[in-house]
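Visitor: Build me a model:
(one chain, ligands or ions: 1)
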Amino acid sequence: MRWDLVPRGEVWRKRWGELVRGGRLPAASLWIGPEGVGKTLAAWALARAVLCEHGDRVVACEACSSCKATTQWLHPHLLVAVPLPAEVSWEEGLAQWRAALQANPYLTFGGWLRELGLRSSARLSIGVEVVRRLQERLSLALAASQWRIVIFWHAETLTRQASNALLKLVEEPPMRTFFLFLSTRLEALPITLRSRCQVWRFSPLSPQELEALAGTAIAPSLLPLAQGSFGRLKEILAEGGPAFLQPVREWLRALWTGHAEALLAPLENLAKSPQLSELLLGAVLLVRAHPHLSPFEKAYSMDLLLQAADEIEAHIQPPLVLWQTTLALWEAWRGEKLPLLAWLGREVSS
Ligand SMILES: [Zn+2]
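Guide: This is a model prediction of the structure:
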């Protein structure tokens, strides 16, 4: 990956270059920002620059065997840890992750779940086993001209045990070894780990940047759904653009019409969507445009939906969040509680 192919790559290249030239390289950096804004690509470009045999550690030559290996994420001195279910081995998981990333360099967490054939993120983590394996690899000596880089993708999934095991490594890192933690949520990482890292912040991409990356104009109704993430925008476009919102439209329609019986199918359908948080953001737009809700009802409902999207983003149980939001919206719009028991009774007896 070349810096010029990374969103805002010039900014990151300059910042890294200043550190290299100033001899102020941090042993550990923590890159925080929404997913789909280019953190992984920037890490990839940095790894390439650091590991290149002929470069100045800032810009890669793009021709040496190291550059070729890094392009495939296969360089022996480029170590990567990604969230995996317990039954998948590190090697197996990494091979799958590399292939997924080659196919889509803006791979999102949701996209990774789908790659693994999982519906929930509950079983995904970077466990202590992987950290032990990394320790073994890092104990191997490096030649004087060699450098090494260790990337944690979605570092917020490090288990407590794994991050504790990492502390010593990060505190007293082997020579010419860089730890790079990529994460969407700063507060999800233990403060002991955070405090040992230099923090870089990646902000959401502007609509212009998104359009430039997409290489085409994007329907104005879709841009807010992407929330500055090119990864999300790609997924939304792949899902058929405006048709993407269909499941959330049906759910809201059932809520609006007030037939409890008609709610179950759209609710189940929506809960199945791997892009639930994006769909709830879409619901915010639909509620905003609704002709019959008062400004107060709109503001309150949009708040509920945004909060739900946030919680799902934070990997809190999606079906539960969706169910609670459904109950709250029903109550807000009808002034009554959803006749849950009668409804469930009918479901059970039918
Ligand atoms: Zn090179």
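Visitor: hey, let's count contacts and neighbours off CA atoms from now on
Guide: Fine.
Visitor: Quick one, grab the pLDDT at residue 339.
Guide: At residue 339, the pLDDT value in this model is 75.
Visitor: Also residue 344?
Guide: pLDDT, residue 344: 60.
Visitor: what residues does the stretch 51-200 of the chain put near the ion?
Guide: 52, 60-62, 64, 67 (CA under 5 Å from the ion).
Visitor: just the residues you listed: which has the poorest pLDDT?
Guide: Where pLDDT dips furthest among these: residue 62, at 90.
Visitor: that older thread, which one among the residues of the stretch 51-200 of the chain next to the ion gets closest to residue 123?
Guide: The closest of these to residue 123 turns out to be residue 67 (CA to CA; 34.2 Å).
Visitor: The closest one is in contact with residue 57, isn't it?
Guide: No: the pair residue 67 / residue 57 is not scored as a contact, 11.7 Å apart, by CA atoms under 8 Å.
Visitor: Which one's more surrounded, these two?
Guide: Neighbour totals were compared for residue 67 and residue 57, and residue 67 leads with 26 against 20 (other CA atoms under 10 Å).
Visitor: What are the buried residues along stretch 139-158?
Guide: Neighbour counts over stretch 139-158 (16 or more other CA atoms under 10 Å) mark 147-158 as buried.
Visitor: between those residues, which is nearest residue 43?
Guide: residue 151 (7.7 Å).
Visitor: doesn't that closest one fall inside a helix?
Guide: No: looking at residue 151 with DSSP: H, G, I helix; E, B strand; the rest coil, it is strand, so not inside a helix.
Visitor: Identify the residues contacting the longest strand seen in the chain?
Guide: The longest strand of the chain (DSSP state E) is strand 177-183. Applying CA atoms under 8 Å, 6 or more residues apart in numbering, the contact partners of strand 177-183 are 26-33, 39-40, 43, 147-156, 170.
Visitor: returning to what we had before: what sits in contact with each of residue 67 and residue 57?
Guide: Common neighbours of residue 67 and residue 57 (criterion: CA under 8 Å, 6+ apart): residue 51.
Visitor: thinking again about what came up before, other SSEs contacting the helix or strand that comes right after the longest strand of the chain?
Guide: With elements assigned by DSSP states H and E, the helix or strand that comes after strand 177-183 is helix 191-194. Secondary-structure packing of helix 191-194 (3 or more CA pairs under 8 Å, 6 or more residues apart in numbering; DSSP states H and E): helix 160-171.
Visitor: List the strands paired with the helix or strand residue 199 falls within, with their directions.
Guide: Per DSSP H and E, residue 199 falls inside strand 198-201. Strand 198-201 pairs in its sheet with strand 28-32 (parallel), by DSSP bridges.
Visitor: and the angle from the partner strand to strand 177-183?
Guide: Interaxial angle, strand 28-32 versus strand 177-183 (axes from the mean of the first three to the mean of the last three CA atoms, to 10 degrees): 20 degrees.
Visitor: what does strand 28-32 contact?
Guide: Residues from elsewhere that reach strand 28-32 (CA under 8 Å, 6+ apart): 39, 170, 178-186, 194, 196-202.
Visitor: give me the residue from the stretch 201-350 of the chain nearest the ion.
Guide: Proximity of the stretch 201-350 of the chain to the ion (CA to the ion) peaks at residue 213, 25.9 Å away.
Visitor: Okay, and that residue sits in which element?
Guide: Per DSSP H and E: helix 207-214 holds residue 213.
Visitor: Output stretch 20-28 as PDB, nothing but the C-alphas.
Guide: Extracted C-alpha coordinates of stretch 20-28, given in PDB (Å, rounded to 0.1, in the frame of the first residue of the first chain):
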ATOM      1  CA  VAL A  20      11.700   9.100  12.000                       C
ATOM      2  CA  ARG A  21      13.900  12.100  11.200                       C
ATOM      3  CA  GLY A  22      13.700  13.500  14.700                       C
ATOM      4  CA  GLY A  23      14.700  10.100  16.200                       C
ATOM      5  CA  ARG A  24      11.500  10.200  18.300                       C
ATOM      6  CA  LEU A  25       9.800   7.000  17.200                       C
ATOM      7  CA  PRO A  26       7.300   5.800  19.800                       C
ATOM      8  CA  ALA A  27       7.600   2.100  20.600                       C
ATOM      9  CA  ALA A  28       3.800   2.000  20.700                       C
END
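Visitor: Quick check: mean pLDDT of the longest strand of the chain?
Guide: 96.
Visitor: can I get the CA coordinates of it in CSV?
Guide: Taking C-alpha atoms only, strand 177-183 is exported to CSV below (Å, rounded to 0.1, in the frame of the first residue of the first chain):
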residue,chain,number,x,y,z
THR,A,177,10.1,-3.0,17.0
PHE,A,178,6.9,-0.9,16.7
PHE,A,179,3.5,-1.7,18.2
LEU,A,180,0.6,-0.3,16.4
PHE,A,181,-2.9,-0.6,18.0
LEU,A,182,-5.8,0.3,15.7
SER,A,183,-9.1,0.8,17.4
